[in-house]
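Chemist: Could you work out the structure for the sequence below:
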Amino acid sequence: MDRNIITTPLNGISQKIGNTFLKEVVFEIFCISIPKNMERNSIKELKKILKINPPKIGKSTLNNEGSMRLIKNSIDQYFILFSNNFKNIHKMISTLEKSFYITEQSDAWACIEISGPQTYSCLEQICTLDLYHSSFEINSASRTLMEHLNVFIIKVTEEKFLLLSASSSAPSFWEAIQTSAENIT
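Modeler: Numbering: from 1, shown residues only. This is a model prediction of the structure:
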């Protein structure tokens, strides 16, 4: 068996269903926890290291290149998603580890991008959140349930969302979204 073959929770699947596009996306994902002694300086330190303004709880922000997304989960925790084209991830993580608690979580998540003009119709069938702009603006990020699965949802554009759920239930996660998309077609 070739140990250099990289696998993902959904094996790179993508599908177009009507006007809805679904595809697995891959990120290197890290959790950043703020130690008690860093609470006051955490925003300044994150800004210095990451070169972006840290968002408020329930929001996310991208770097200028669009290759790194920082999400604020709670008062003392962030998620950071690095795309495949981000350079020097390990150097940045090493720098962050000097001030924060860092946990790599890449293998724990299955990530699906859903896009297209029927995205809202698809998601409203399985998501309890109001995802329309007045309630859930672009770059909003929240935890929710979809078909009894815990999901982290991020609004990328008006017609594109990132959905993250446990990699251990990736096939069920995909099936829930796929079935919803099929039901609106």
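Chemist: So which bits of the longest strand along the chain are buried?
Modeler: Here the longest strand in the chain is taken by residue count, with DSSP state E as the criterion, and it is strand 149-157. Within strand 149-157, the residues that qualify as buried are 149, 151-156, counting by 16 or more other Cβ atoms under 10 Å. To be clear about C-beta, it is placed using only N, CA and C from the backbone, and glycine gets the same treatment.
Chemist: Nearest to residue 169, out of those residues: which one, please.
Modeler: Residue 169 has its nearest neighbour among these in residue 149, at 5.7 Å by Cβ to Cβ.
Chemist: which SS state does the closest residue to the closest one other than its chain neighbours fall under?
Modeler: Leaving out its chain neighbours, the residue that sits closest to residue 149 by Cβ to Cβ, 6 or more residues apart in numbering is residue 165, at 5.1 Å. Of the three states, residue 165 takes strand according to DSSP: H, G, I helix; E, B strand; the rest coil.
Chemist: Which neighbouring elements make contact with the longest helix seen in the chain?
Modeler: Within the chain, and with DSSP state H defining each element, the longest helix by residue count is helix 170-184. Packed against helix 170-184 by the contact rule (3 or more Cβ pairs under 8 Å, 6 or more residues apart in numbering; DSSP states H and E) you find strand 14-17, strand 20-25, strand 109-115, helix 119-124, strand 141-146, strand 149-157, strand 160-166.
Chemist: hmm, 7 Å instead?
Modeler: Other elements packing on helix 170-184 under the criterion 3 or more Cβ pairs under 7 Å, 6 or more residues apart in numbering; DSSP states H and E are strand 14-17, strand 20-25, strand 109-115, helix 119-124, strand 149-157.
Chemist: quick one, domains of this protein?
Modeler: Dividing the chain into domains by automatic domain parsing, as the record does, gives the ranges 14-25+107-184, 28-106.
Chemist: To residue 8, which of those domains lies closest?
Modeler: Using Cβ to Cβ as the measure, domain 14-25+107-184 is the one of those that comes nearest residue 8, at 6.0 Å.
Chemist: And the closest one, end to end?
Modeler: Domain 14-25+107-184 has its terminal residues 18 Å apart, counting by Cα to Cα, to the nearest Å.
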